[in-house]
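Engineer: sequence unknown, structure follows:
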């Protein structure tokens, strides 16, 4: 594979750490580390960096878990932050496959990507035409696998509209045990 440069504003690859409230075996916070590869989906990769640097994912819940499929996140814990970032970005052409551990934007159709992301729990190649991955989990997949399923009887996850408009106070009350990204950072 080609040599990648980590860090820097225009590098071809950068790393994001998602610190979670899921505990490791030694009691430390579990960290999901994502390598973002700009060449896979440059528009999505650049947008993700902006979101992380703005603090969008800090204190945001993993609001949808579909076992053997995906874990989804990307609604901020405050309504103001959600409103700030609702402008859609254009689609990247499909370039890589949605295999286990890859990270892609959720969307509601063509050119509707905003902030919601998912990590593939399995090889979901049927998603490839519409959901181009922009990164891959390089460590901490065990923490993604351990995310609490807040809606075990539904593949829809929590009420996303209520979470967007009522924030973390609402989701913590309605879904005790839900897991969070406590901090996200680029390195």
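Structural biologist: Thanks, I have it. The structure presented is a predicted model; accordingly, all values stated were derived computationally and were not measured.

Engineer: measure the spatially most central residue of the chain to residue 145 for me?
Structural biologist: Centroid-nearest residue in the chain, with C-alpha atoms, centre = their mean: residue 117, separated by 3.7 Å. Distance of residue 117 to residue 145, computed by C-beta to C-beta, to the nearest Å: 16 Å. C-beta: built from backbone N, CA, C; applies to glycine.

Engineer: which helix in the protein has the most residues?
Structural biologist: In the chain, ranked by residue count with DSSP state H as the criterion, the top helix is helix 160-174.

Engineer: what residues does that helix touch?
Structural biologist: 59, 61, 63, 75-79, 82, 158-159, 178, 180 (C-beta atoms under 8 Å, 6 or more residues apart in numbering).

Engineer: list the buried ones in that helix?
Structural biologist: 160, 163-164, 167-168, 170-171 (16 or more other C-beta atoms under 10 Å).

Engineer: and the residue nearest to the centre of the chain, what does it touch?
Structural biologist: 48, 72-74, 103-106.

Engineer: which of the contacts of helix 160-174 fall in helices?
Structural biologist: Those of those mapping onto helices are 79, 82, per DSSP H.

Engineer: strands of this structure, start to end?
Structural biologist: Assigned by DSSP state E, the strands in the chain fall at 13-23, 29-37, 60-66, 70-73, 102-105, 117-120, 133-139, 180-186.

Engineer: so for residue 153, which of the ones you listed sits nearest?
Structural biologist: Among the strands of the chain, the nearest to residue 153 by C-beta to C-beta is strand 60-66 (11.8 Å).
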